[in-house]
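Trainee: Got a predicted model here, sequence first, then my questions.
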Amino acid sequence: MERYRGLTATNGSGQFDSARRWFSVVILGIETSCDETAVAVLNSNGITHLLSSQVDLHKQYGGIVPELACRQHIEAIHPLVKEVLHRAQCPLHKIDAVAVTIGPGLIGALLVGVSFAKALAYGLRVPLLAIHHLEGHIAAIFLEHPKILFPAIALVVSGGHTNLYKIQNKGKYQLLGKTRDDAAGEVLDKGARMMGFDYPGGPIIDRLAKQGDAERFPFPIPHRTGLDFSFSGLKTALMRKLSEHEDQRDQFFIPDIAASYQKAIVISLVQKSLAALKQEGARSMLLVGGVAANSLLRHRMKEETERMGIALYLPSPHYCTDNAAMIAMAGLSHFERKCFASLDIFPNPNFELT
Ligand code: KG4
Ligand code: ZN
């Protein structure tokens, strides 16, 4: 792995995943929608997944540069596929289907993964499975929880999305609410940047907030009617507080403001999720996407769902952020339903999940 810059093993080779799943079908999953090139194999050895993160590359620009992201995906994808297959002890001819993220995402970045997946599926004469990125995030749950209670409410909360879905059963999604402006992850990233931190800021705020006093700076809790979210006002409130305290910051200022800001976002996410659970009479709650790795959000959601007697399903933190295991898992469900994509399918950066 050392041969490839930024390549990180997130799971042992040929080992069973912590969930100890065993798969009778072999699915190769590919994810290149944004700034991680990720590849995974589901087979009788369990789940093997690797990713090549571009975080260090984009850090110096303060955000993702699409052109650089595409070039990096092109460099990383082939070695990554070879390495994952090797670690999974899976020869090419054993692959039963190739699953790939088809959208939403950056068009150039998606194109790299989709072109690679199409060529591989064509060459191997196996089905191509076209996966919505958010369906992938939701499928991360099934990596560790094969059976869940339906109907479920899913909060998909990432750098690009904050969506609430009702899931009647596997593969049937109804959008109940979404953010009217920024996604929660974006608000955390931009907030962290205003505080002087690098991208991605979500994990930094999570860490800082643990040492901070979340009551010190009251932020307005974002409210919208219904199940929609709105976070842009919070960003403005943060900007104002930072400039008001420009010259009078004690050593606790940054942790305290990070904790207060994070708390306001988490309260809004939890409130709307509970409202959706009640409105739909759902039996379980799924919390997925990069921001689902947030400690306070996980903790608060657990407390509230326990109080309501609702089952909560959370992926392990390494399955919350972008990865290809979740794409392969969503692919397995498409494969079982014989939901195969045509080889002339094109990536769709604005793909809707229905
Ligand atoms: O799902 P993801 O990896 O990519 C998208 O599909 O957007 O989510 C990335 C987002 C970023 O905004 C990042 O700051 C946020 O997830 N994130 C976190 C944490 N880990 C990642 N936000 C809060 N707390 C975390 N621990
Ligand atoms: Zn994502």
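Mentor: On my side now, so go ahead. Numbers count the residues shown, from 1 in each chain. Ligands and ions are numbered 1, 2, ... in the order given.
Trainee: The closest residue to Pro347 other than its chain neighbours: what secondary structure?
Mentor: Excluding its sequence neighbours, the residue lying closest to Pro347 (C-beta to C-beta, 6 or more residues apart in numbering) is Leu110, at 3.6 Å. Quick note: C-beta positions are derived from backbone N, CA and C, even for glycine. Here Leu110 is recorded as helix under DSSP: H, G, I helix; E, B strand; the rest coil.
Trainee: Go ahead and confirm Leu110 touches Thr32.
Mentor: Yes. Leu110 lies in contact with Thr32 (C-beta atoms under 8 Å); the separation is 6.4 Å.
Trainee: where do the contact lists of those two overlap?
Mentor: Common contacts of Leu110 and Thr32, defined by C-beta atoms under 8 Å, 6 or more residues apart in numbering, comprise Thr101.
Trainee: which one of these two has more residues nearby?
Mentor: A count of neighbours by other C-beta atoms under 10 Å puts Thr32 above the other of Leu110 and Thr32, at 36 against 27.
Trainee: what's near enough to touch the more buried one?
Mentor: Listed by C-beta under 8 Å, 6+ apart, the contact partners of Thr32 are Ala38, His73, Ile77, Thr101, Gly105, Ala109, Leu110, Val112, Gly113.
Trainee: With distance to ligand 2 and pLDDT as extra columns, can I get the residues you listed in a markdown table?
Mentor: Listed next are the contacts of Thr32 as a markdown table, based on distance: C-beta to the ion, whole Å; pLDDT from 0 to 100:
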| residue | distance to ligand 2 | pLDDT |
| --- | --- | --- |
| Ala38 | 10 | 98 |
| His73 | 15 | 97 |
| Ile77 | 17 | 98 |
| Thr101 | 9 | 98 |
| Gly105 | 8 | 96 |
| Ala109 | 12 | 97 |
| Leu110 | 12 | 98 |
| Val112 | 16 | 98 |
| Gly113 | 13 | 98 |
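Trainee: Just the buried ones out of these, please.
Mentor: Buried members of those, counted by 16 or more other C-beta atoms under 10 Å: Ala38, His73, Ile77, Thr101, Gly105, Ala109, Leu110, Val112, Gly113.
Trainee: picking up where we left off before, now, the most widely separated pair of the contacts of Thr32?
Mentor: Using C-beta to C-beta, the two most remote members of the contacts of Thr32 are Ile77 and Gly105, lying 14.5 Å apart.
Trainee: and which of the buried ones among the contacts of Thr32 is nearest to ligand 1?
Mentor: Proximity of these to ligand 1 (C-beta to the nearest ligand atom) peaks at Gly105, which lies at 7.9 Å.
Trainee: got a list of what that closest one touches?
Mentor: In this structure, Gly105 makes contact with Thr32, Ser33, Cys34, His133, Gly160, Pro347, Pro349, judged by C-beta under 8 Å, 6+ apart.
Trainee: mind running it again at 10 Å?
Mentor: By C-beta atoms under 10 Å, 6 or more residues apart in numbering, the contact list for Gly105 reads 31-35, 66, 69, 111, 113, 133, 160, 322, 347-351.
Trainee: Tell me the pLDDT of the residue lying closest to it once chain neighbours are set aside.
Mentor: Closest residue to Gly105 apart from its sequence neighbours, by C-beta to C-beta, 6+ apart: Ser33 at 2.8 Å. The model reports Ser33 with a pLDDT of 97.
Trainee: And for His299?
Mentor: Per-residue confidence (pLDDT) for His299: 98.
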